[in-house]
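> Structure, please.
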Amino acid sequence: MGIEMLMTEKPRNGTAIQEFILEGFPAAQHLGILLFLVHLLAYVASLMGNMLIIIITCEDHRLQTPMYFFLSSFSFVECCFITTVIPQLLAIFLSGRQTISFVACFTQAFVFLFWGATDFFLLAVLSVDRYLAICKPLHYPTLMSPRMCFFLVTVCFVLGFLFMSIPVVMLSQSFYCGPNVIPHYFCDFGPLANLSCSETRSIEMLFFNLALIVLFTTLLIAIFAYSNIVATIVRLPSARERQKAFSTCSSHLIVLSLMYGSCVFIYVKPKQASRLESNREAALVNTVVTPLLNPVIYTLRNKQVHQALRDALSRVKLHR
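All right, here's what the predicted structure looks like:
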């Protein structure tokens, strides 16, 4: 009964489609092998960089602090995030187009959005962590206890699931009668909403509002935290202390700028169909460039991590 009602909303010949075709980048098909190699290297480098952060944080007791716990959680989410879409992109570069089933497509859309939303909640938690460490140093050990750190990360995962599951499940109930070519390299909410034969305006507005809540709530938390951090750093008496504090915060701010810039461009607009081409290019920044840069600009340039890596290499040489 529900399907028949949806079909009558927007009459169109054809039956419900069972699969989608991911178009990828038609204009760059002649560069398929080259693009495959470039993005494969970026993918492997991203995985290795983020996995290195996780391993070194677990192995070195000096890095078992709230900040590095959150950073290792962030790196884990980044690994899952890029693995959701990059293997699909690599397959498209080799084959030109890629077929994906209806269920697999919506599963990919949900998992991608879930990891993405969780990323932003973790960035907000990292902002709060730096705020407490710099602005409330005497209360920091009590406020950021191991139990509280684990609770905050769990909340990030739960919120990411709740915020993204509702619109994706609602969209999956829409009727798709064709065409079935998605002008993207993975299944994202906007292209799927654009292909639906049903009226999806209310679902798109719901997704738009949820995206606004996720992006701007976490952004406001970050702005509040870093406004107070800057005010506190400026008052520090030692130039060395100011430089150290600014160094830690600047890495976080670079990551924030890259992630918020690309995601606001892609998702924070009510009508998704108008910019699908530009969304596809912007998504490359979000899924390839930012995860590749994160380990470098966020942690691997940190002196504590450098020392931990040197010590780990020394232990390996001794065992040999």
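> give the contact list for the residue nearest to residue 195 when sequence neighbours are not counted.
Leaving aside its sequence neighbours, residue 195 sits nearest to residue 176 (Cβ to Cβ, 6 or more residues apart in numbering; 6.2 Å). The way it works is simple: take the backbone N, C-alpha and C, and place the C-beta from them, glycine included. The contact partners of residue 176, by Cβ atoms under 8 Å, 6 or more residues apart in numbering, come to 16, 17, 102, 195, 196, 197.
> Which secondary structure state does the last one sit in?
Spelled out, that is residue 197. Using DSSP: H, G, I helix; E, B strand; the rest coil, the structure places residue 197 in coil.
> Might one say that it is in contact with residue 17?
No - applying Cβ atoms under 8 Å, one finds residue 197 not in contact with residue 17, separated by 9.4 Å.
> So which of these two has more stuff around it?
Between residue 197 and residue 17, counted using other Cβ atoms under 10 Å, the more crowded position is residue 197 (19 against 16).
> how close does the closest residue to residue 19 other than its chain neighbours sit to residue 297?
Leaving out its chain neighbours, the residue that sits closest to residue 19 by Cβ to Cβ, 6+ apart is residue 101, at 5.0 Å. Per Cβ to Cβ, to the nearest Å, residue 101 is found 37 Å from residue 297.
> More neighbours: those two, which one.
The residue with more neighbours, out of residue 101 and residue 297, is residue 297; 16 against 11, by other Cβ under 10 Å.
> closest to residue 285 among the contacts of residue 176?
Distance ranking of these against residue 285, using Cβ to Cβ, places residue 195 first at 23.8 Å.
> what residues are up against that closest one?
Taking Cβ under 8 Å, 6+ apart, we find residue 195 in contact with 20, 176, 179, 180, 182.
> ok, now residue 74?
By Cβ under 8 Å, 6+ apart, the contact set of residue 74 is 119, 122, 123, 126, 294, 298.
> Looking at the residues you listed, which gets the smallest pLDDT?
When these are compared by pLDDT, residue 298 scores lowest at 63.
> before we move on, the earlier item: any chance of the backbone angles for the residue nearest to residue 195?
Its backbone dihedrals place residue 176 at phi -120, psi 110, with angles given as degrees, to the nearest 10.
> so what's the residue most central in space within the chain closest to, chain neighbours aside?
For the chain, the residue nearest the mean C-alpha position is residue 116 (3.3 Å; Cα atoms, centre = their mean). Closest residue to residue 116 apart from its sequence neighbours, by Cβ to Cβ, 6+ apart: residue 81 at 6.3 Å.
> mind listing what the one you found touches?
Residues counted as contacts of residue 81 (Cβ under 8 Å, 6+ apart) are 112, 115, 116, 119, 287, 291.
> Report all helices and strands that the helix or strand containing residue 293 contacts.
Using DSSP states H and E, the element containing residue 293 is helix 290-294. For helix 290-294, the packing partners by 3 or more Cβ pairs under 8 Å, 6 or more residues apart in numbering; DSSP states H and E come out as helix 32-59, helix 66-95, helix 239-267.
> Indicate which one of the ones you listed is closest to residue 209.
Closest approach to residue 209 among the helices and strands packed on helix 290-294 (Cβ to Cβ): helix 239-267, 11.0 Å.
> Please state the backbone phi and psi of residue 98?
phi -140, psi 130.
> Count the residues that sit near it.
Neighbours of residue 98 using other Cβ under 10 Å come to 20.
> do the same with residue 238
Counted with other Cβ under 10 Å, residue 238 comes out at 8.
> From residue 304, how far out is it?
19 Å.
> do the same with residue 204
In this view, residue 204 and residue 304 are 45 Å apart by Cβ to Cβ.
> Look at these two and report which has more neighbours.
residue 204 (22 against 16).
> What are the phi and psi values at the more buried one?
phi -60, psi -40.
> now swap in residue 144 and tell me
Per degrees, to the nearest 10, the backbone of residue 144 is at phi -100, psi 60.
> now swap in residue 17 and tell me
phi -80, psi 150.
> Touching, it and residue 102? I think so.
Yes - if you go by Cβ under 8 Å, residue 17 and residue 102 touch, sitting 6.9 Å apart.
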